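Undergrad: after the sequence you'll find the predicted model.
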Amino acid sequence: MSGPTPGEVVLVGGGPGDPDLITVGGLRALREADVVLYDHLAPLACLEETKPGALLVDVAKIPRGRQTSQAEINALLVRHAAAGAMVVRLKGGDPFVLGRGSEEWLACAEAGVPVRVIPGVTSAVAGPELAGIPLTHRGLSQGFAVVSGHVGPGDPASTVNWDALAAGGGTIVVLMGVKQLPAICAGLVERGLDPSTPAAVVAQAASPRQRVIRGTVSDLPSLAASAGVEPPALTVIGAVVGLDLR
């Protein structure tokens with residue numbers, strides 16, 4: 001006998017955690033889901049929109065805390081969908097922007113499970129906006145680069161051209177860079193970025209606990225440490241930080 005007809009996996013970007021920032025399509029998928037895999041950065045209030053009987057599975061990867069491996073997440077997506085369920089993977093931010101949504105996509109495709117993406121509002125852009133920081137502004141910055149801060153300049157694991165970032169003249173947005181913030185800021189200055197360049201950390205963006213620490217690329221690490229900043233937080237470096245449009 002053949003097995004059940006595979007269901008579907010939908011990778012839903014939930015924005016930076018505010019339930020008002022999930023897309024209409026993302027919310028529709030959430031309401032139709034039989035199984036929802038979510039993490040601590042997703043808009044958790046949206047889970048109240050799920051239908052009665054839906055299975056909700058916490059697969060958070062908490063810094064210095066409980067960890068769900070990517071392999072486990074992939075296996076859960078495939079297993080539930082292969083059994084015929086409509087499965088939503090609800091993430092904070094966007095699945096394809098410094099997330100591992102592409103790995104989840106590949107795992108489903110390799111297992112023959114239908115999969116699609118509903119893009120979300122990426123934290124890299126929404127976080128600065130909610131803090132009153134535009135990423136581009138005529139005469140100040142004509143572009144921005146978003147990089148992962150899980151390793152800094154000089155680390156053998158880094159594949160980012162930090163020299164180009166320091167000399168690029170645009171805005172730099174660093175995600176997942178709380179621990180590496182001193183190395184990142186020092187590395188940019190060492191590579192030629194003006195130490196007086198405005199910089200800010202946006203912590204807990206889109207939550208009631210959101211706060212902004214402002215300084216320069218040279219003193220921001222010490223300011224963030226004194227403020228007790230912990231993940232999730234993002235850093236914006238560039239002239240646009242000096243505008244403060246709040």
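TA: Right, received. Where do you want to start?
Undergrad: CA atoms for contacts and neighbours, from now on please.
TA: Will do.
Undergrad: ok, now which ones touch Asp111?
TA: Careful, residue 111 is Ala; it's not Asp. Val78 (C-alpha atoms under 8 Å, 6 or more residues apart in numbering).
Undergrad: now do the buried residues in stretch 221-240.
TA: 221, 223-224, 229, 232-240 (16 or more other C-alpha atoms under 10 Å).
Undergrad: and the next element down the chain from the helix ranked longest in the chain?
TA: Longest helix in the chain, counting residues (DSSP state H): helix 70-82. The element immediately downstream of helix 70-82 (helix or strand, assigned by DSSP states H and E) is strand 86-91.
Undergrad: point out the other helices and strands that that following strand packs with.
TA: strand 8-13, helix 24-32, strand 35-38, helix 70-82 (3 or more C-alpha pairs under 8 Å, 6 or more residues apart in numbering; DSSP states H and E).
Undergrad: can we see that at 10 Å?
TA: Strand 86-91 sits against strand 8-13, helix 24-32, strand 35-38, strand 55-58, helix 70-82, helix 101-110, strand 115-118, with contacts defined as 3 or more C-alpha pairs under 10 Å, 6 or more residues apart in numbering; DSSP states H and E.
Undergrad: a markdown table for these, including mean neighbour count and distance to Cys46?
TA: Compiled in a markdown table, the helices and strands packed on strand 86-91 are given as follows (neighbours: other C-alpha atoms under 10 Å; distance: least, C-alpha to C-alpha, whole Å):
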| stretch | mean neighbour count | distance to Cys46 |
| --- | --- | --- |
| strand 8-13 | 27 | 12 |
| helix 24-32 | 18 | 8 |
| strand 35-38 | 23 | 11 |
| strand 55-58 | 14 | 12 |
| helix 70-82 | 19 | 20 |
| helix 101-110 | 18 | 20 |
| strand 115-118 | 18 | 15 |
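Undergrad: could I get the ones you listed as CSV with distance to Leu135?
TA: What follows is the helices and strands packed on strand 86-91, written out as CSV (distance: least, C-alpha to C-alpha, whole Å):
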stretch, distance to Leu135
strand 8-13, 21
helix 24-32, 25
strand 35-38, 29
strand 55-58, 33
helix 70-82, 31
helix 101-110, 24
strand 115-118, 24
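Undergrad: can you redo the ones you listed as TSV with mean pLDDT and distance to Ala183?
TA: Formatted as TSV, these follow (pLDDT from 0 to 100; distance: least, C-alpha to C-alpha, whole Å):
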stretch	mean pLDDT	distance to Ala183
strand 8-13	97	30
helix 24-32	97	37
strand 35-38	98	31
strand 55-58	97	32
helix 70-82	97	27
helix 101-110	97	28
strand 115-118	97	34
